[in-house]
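A.B. asks: Curious how this folds, go ahead:
(chains A and B)
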Amino acid sequence: MKANCWVGPNKVEVQDVPDPTILNGRDAVVRITSTAICGSDLHLLDGYVPTMEKGDVLGHEFMGEVVEVGPGVDGSRLRVGDRVVVPFPIACGACLACRAELYSCCENTNPNAGVAEKMFGHPVAGIFGYSHLTGGFAGGQAEYARVPFADVGPIRIESDLDDEHVLFLSDILPTGYMGAEMCDIQDGDVVAVWGAGPVGQFAMDSARMLGADTVIAIDDVSYRLEMAASQGYRTIDYSDTDVRSALLELTGGRGPDKCIDAVGMEASHGTAHVHLYDRLKQAVRSESDRPHALRQAILSCRSGGIVSVIGVYGGLVDKFPAGAWMNRSLTLRTGQCHVQRYMRPLLDRIERGEIDPTRVITHRLPLAEAPHGYDIFKNKADGCEKVVLKP
Amino acid sequence: MELTSATTVNKPPQEVYDFWHRLENLATFMAHLDDVRVTGPSSSHWAASAPFDTVVEWDAVTTGDVAAERIAWASVEGADVDTSGEVLFVPAPGGRGTEVLVTLRYDMPAGALGKAVARYFGDDPSQALDDDLRRFKQVMETGEVVRSEGAPWGKRARKEFPQRPARPLSEEELQELRARKEVMA
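C.D. replies: Numbers count the residues shown, from 1 in each chain, chains lettered A, B, ... in the order given. Next up is the predicted model:
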């Protein structure tokens, strides 16, 4: 089959690879009908996430038709012929983490848990196409994928909604939603969202859906800010505006009640010397992540507020504003999305027309053009917000 | 050499004890064990793979056995390998399952065999036992050892990194796994 593979820093290639087969009893093989490129794929692309191997199949946002199931798959939950969306964290459904609905912290699905434990203190779940630190699972930017614990995670789509309306249940819609949910939004809340990429957009939609009074988008890419403005959100372009002053102005001097970091480890920003410091430290690997959005969110949030982090961090950060966090009674909440928790309720919301996930799609490409998709997404070229690939 | 490790299994102590008590099951998740056979009411025969395709074998006796609480064993006097072990099954607080606490002791024989055993356990023997218990937990909670494309070898994990790329296995690799009856035919 054809699959999009990482072949080295900033280089992906569509290659011929073997077709997947059942390796564990509760595996299924899915023929992929739609897949997407995620912002976190870009962290893998440039090599900021360690433990990539040349030839890894990328991709953790995919859906399709079940074409084979292992002998251990519960037939009441999944059968050949089912149309499914596959959540990006692989979860066993049986461990204490899964029972607590902390699916991205599943204790059993990462065969490389020992390595993850060294980096993170405790291991994390396996993730499709997302480095060997999260298990070394082949990804879904391909014609077919093997899906472990197929009777736990994948959700059947029984309505006639097209792929584009449900594909993002695999990651970015639940991720954005969880970012807003962690904000515990109260009547009158102002929610500021750093990053107006696809996850940021869904965090904004979710914040409004959960009752935010005002939603503010912060980015430096004009078409992304325009996309947010078109939904009625306020915008701040940090390339020409001081973010803190702008936020104070928009909130009567209070600061946003809730702040969402939908940027993560590769933030860029307007304060040249601090950015240079982070770039240098990251380049010599003495700091793995550039945490500018997180620092600014903490410093901007009103006292007693919540900072919700859904942007991806991989390792260590410098100059964490612990003083602001502690002295001003801020709550920091975060996590890789526990997608399985949100798929059903969000599918219901899509079916009721409360949210339209297709609004972020700007590019539809054949799988063969995946390298071009990565290029325009990484370089913010051609107005690229979200690329859907068709195998 | 004495190694200790612990894991919590989301099952009641009796069930976890029962699985361990069938000593044959140990070879399904302990990387260095090829085979454990029960040979009598309290005796067993153990075989472990060693480097260069050699196998080390020894007889052991069960030295302690309290249902749902504890199992202990030791190699018989004069065996090639002087080893003993103990596993405790403790109810975890708040219905969190069973804490499984393992101690393994190997007295390294002198000479070539000792070197072979030491090399087998590698630079980080505790890590090897931690990984054994992780697989034990996988088997207890999910029914089998979880495989990825990067690490498809189950308990016969090869040197961890660099791994094979995360892409589907070739026909030759699948045949190798099938020959060991480790994947679905």
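
A.B. asks: can you give me the mean pLDDT across stretch B:27-38?
C.D. replies: Averaged across stretch B:27-38, the pLDDT comes to 91.

A.B. asks: any idea which element the one residue in chain B that gets nearest to chain A lies in?
C.D. replies: Using Cβ to the nearest Cβ, the closest approach of chain B to chain A is made by residue B:150 at 1.9 Å. (Each C-beta comes from the backbone N, C-alpha and C, glycine too.) Using DSSP states H and E, residue B:150 maps to neither a helix nor a strand.

A.B. asks: Please name the residues that touch it.
C.D. replies: Applying Cβ atoms under 8 Å, 6 or more residues apart in numbering or on different chains, we find residue B:150 in contact with A:53, A:56, A:111, A:112, A:132, A:135, A:136, A:137, B:163, B:164, B:165, B:166.

A.B. asks: Downstream of the lengthiest strand in chain B, the next helix or strand is which one?
C.D. replies: As assigned by DSSP state E, the longest strand anywhere in chain B is strand B:54-66. Downstream of strand B:54-66, the first helix or strand assigned by DSSP H and E is strand B:70-75.

A.B. asks: Closest residue of the stretch 101-250 of chain A to chain B?
C.D. replies: For the stretch 101-250 of chain A, Cβ to the nearest Cβ, closest residue to chain B: residue A:136, 1.9 Å.

A.B. asks: what residues are up against that residue?
C.D. replies: Residues near residue A:136 by Cβ under 8 Å, 6+ apart: A:53, A:56, A:111, A:112, B:148, B:149, B:150, B:151, B:163, B:166.

A.B. asks: Confidence-wise, which of those comes last?
C.D. replies: pLDDT is lowest at residue B:163 among the contacts of residue A:136; the value there is 90.

A.B. asks: I'd say that residue and residue A:53 touch.
C.D. replies: Yes - between residue B:163 and residue A:53 a contact is recorded at 5.9 Å, counting by Cβ atoms under 8 Å.

A.B. asks: Work out which residue lies at the spatial centre of chain B.
C.D. replies: Closest to where the C-alpha atoms of chain B average out (Cα atoms, centre = their mean) is residue B:30, at 1.6 Å.

A.B. asks: So that residue lies in a strand, does it not?
C.D. replies: No - secondary structure of residue B:30 (DSSP: H, G, I helix; E, B strand; the rest coil): coil, not part of a strand.

A.B. asks: Sticking with residue B:4, tell me its helix or strand.
C.D. replies: strand B:2-9.

A.B. asks: Take the following helix or strand past that strand, keep the C-alpha atoms, and write them as CSV.
C.D. replies: Per DSSP H and E, the first helix or strand lying C-terminal to strand B:2-9 is helix B:13-21. Output in CSV follows, covering the C-alpha atoms of helix B:13-21 (Å, rounded to 0.1, in the frame of the first residue of the first chain):
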residue,chain,number,x,y,z
PRO,B,13,-5.6,-10.5,44.5
GLN,B,14,-7.0,-14.1,44.1
GLU,B,15,-7.2,-13.8,40.3
VAL,B,16,-3.7,-12.3,40.0
TYR,B,17,-2.3,-15.0,42.4
ASP,B,18,-4.0,-17.8,40.5
PHE,B,19,-2.4,-16.7,37.2
TRP,B,20,1.1,-16.5,38.8
HIS,B,21,0.5,-19.7,40.6
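
A.B. asks: Give me the residues contacting helix B:13-21.
C.D. replies: Identification of contacts with helix B:13-21 by Cβ under 8 Å, 6+ apart yields B:9, B:25-26, B:65, B:67-69, B:71, B:87, B:89-91, B:97-98, B:100, B:139-140.

A.B. asks: ok, and the helix or strand in chain B with the lowest average confidence?
C.D. replies: Using mean pLDDT, DSSP states H and E, helix B:111-121 stands out as the lowest-scoring helix or strand of chain B, at a mean of 66.

A.B. asks: mind giving me the domain ranges of chain A?
C.D. replies: Here the domain parsing of chain A from automatic domain parsing is A:2-171+A:337-390, A:176-334.

A.B. asks: could you dump those domains to TSV with distance to residue B:17?
C.D. replies: Putting these into TSV (distance: least, Cβ to Cβ, whole Å) gives the following:
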stretch	distance to residue B:17
domain A:2-171+A:337-390	19
domain A:176-334	38
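
A.B. asks: between these, which has the poorest average model confidence?
C.D. replies: Note on the domains of chain A: lowest mean pLDDT is at domain A:176-334, with a mean of 91.

A.B. asks: Now find how far off-centre that domain is within its chain.
C.D. replies: 15 Å (Cα atoms, centre = their mean, to the nearest Å).

A.B. asks: ditto for stretch A:169-182
C.D. replies: Stretch A:169-182 sits 8 Å away from the centroid of its parent chain (Cα atoms, centre = their mean).

A.B. asks: With just CA atoms, put it into PDB.
C.D. replies: Coordinates of each C-alpha in stretch A:169-182 appear next as PDB, following Å, rounded to 0.1, in the frame of the first residue of the first chain:
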ATOM      1  CA  LEU A 169     -13.500  13.400  16.100                       C
ATOM      2  CA  SER A 170     -10.200  11.500  15.900                       C
ATOM      3  CA  ASP A 171      -8.300  14.400  17.500                       C
ATOM      4  CA  ILE A 172      -8.600  18.100  16.900                       C
ATOM      5  CA  LEU A 173     -12.300  18.600  17.700                       C
ATOM      6  CA  PRO A 174     -12.100  16.700  21.100                       C
ATOM      7  CA  THR A 175      -8.700  18.300  21.800                       C
ATOM      8  CA  GLY A 176     -10.100  21.800  21.300                       C
ATOM      9  CA  TYR A 177     -13.200  20.900  23.300                       C
ATOM     10  CA  MET A 178     -11.200  19.500  26.200                       C
ATOM     11  CA  GLY A 179      -9.200  22.700  26.200                       C
ATOM     12  CA  ALA A 180     -12.400  24.600  26.800                       C
ATOM     13  CA  GLU A 181     -13.900  22.100  29.100                       C
ATOM     14  CA  MET A 182     -10.900  22.300  31.400                       C
END
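
A.B. asks: follow-up on the earlier one: ok, and of the contacts of helix B:13-21, which contact chain A?
C.D. replies: residue B:97 (Cβ under 8 Å from any Cβ of the partner chain).

A.B. asks: Just the buried residues of the contacts of helix B:13-21.
C.D. replies: B:9, B:25, B:26, B:68, B:71, B:87, B:89, B:97, B:98, B:100, B:139, B:140 (16 or more other Cβ atoms under 10 Å in any protein chain shown).

A.B. asks: contacting residues around the second one?
C.D. replies: Read that as residue B:25. For residue B:25, the contact set (Cβ under 8 Å, 6+ apart) comprises B:19, B:139.

A.B. asks: that's a helix at it, yeah?
C.D. replies: Yes - assigned with three-state DSSP, residue B:25 falls within a helix.

A.B. asks: which residue is nearest the middle of chain A?
C.D. replies: For chain A, the residue nearest the mean C-alpha position is residue A:172 (5.0 Å; Cα atoms, centre = their mean).

A.B. asks: you'd agree residue B:56 is up against residue B:80?
C.D. replies: Yes - with contact defined as Cβ under 8 Å, residue B:56 reaches residue B:80; the gap is 6.0 Å.

A.B. asks: quick one, what contacts the residue of the stretch 201-350 of chain A found nearest chain B?
C.D. replies: Among residues of the stretch 201-350 of chain A, the one nearest chain B by Cβ to the nearest Cβ turns out to be residue A:340. It sits 15.3 Å away. If you count contacts by Cβ under 8 Å, 6+ apart, residue A:340 has them with A:87, A:89, A:91, A:101, A:103, A:152, A:153.

A.B. asks: Just give me the neighbour total for the second one.
C.D. replies: Looking back up the chat, that one is residue A:89. By the criterion of other Cβ atoms under 10 Å in any protein chain shown, residue A:89 has 27 neighbours.

A.B. asks: tell me which residues of stretch A:87-104 are tucked away?
C.D. replies: By neighbour count on 16+ other Cβ under 10 Å, the buried set for stretch A:87-104 is A:87-98, A:102-104.
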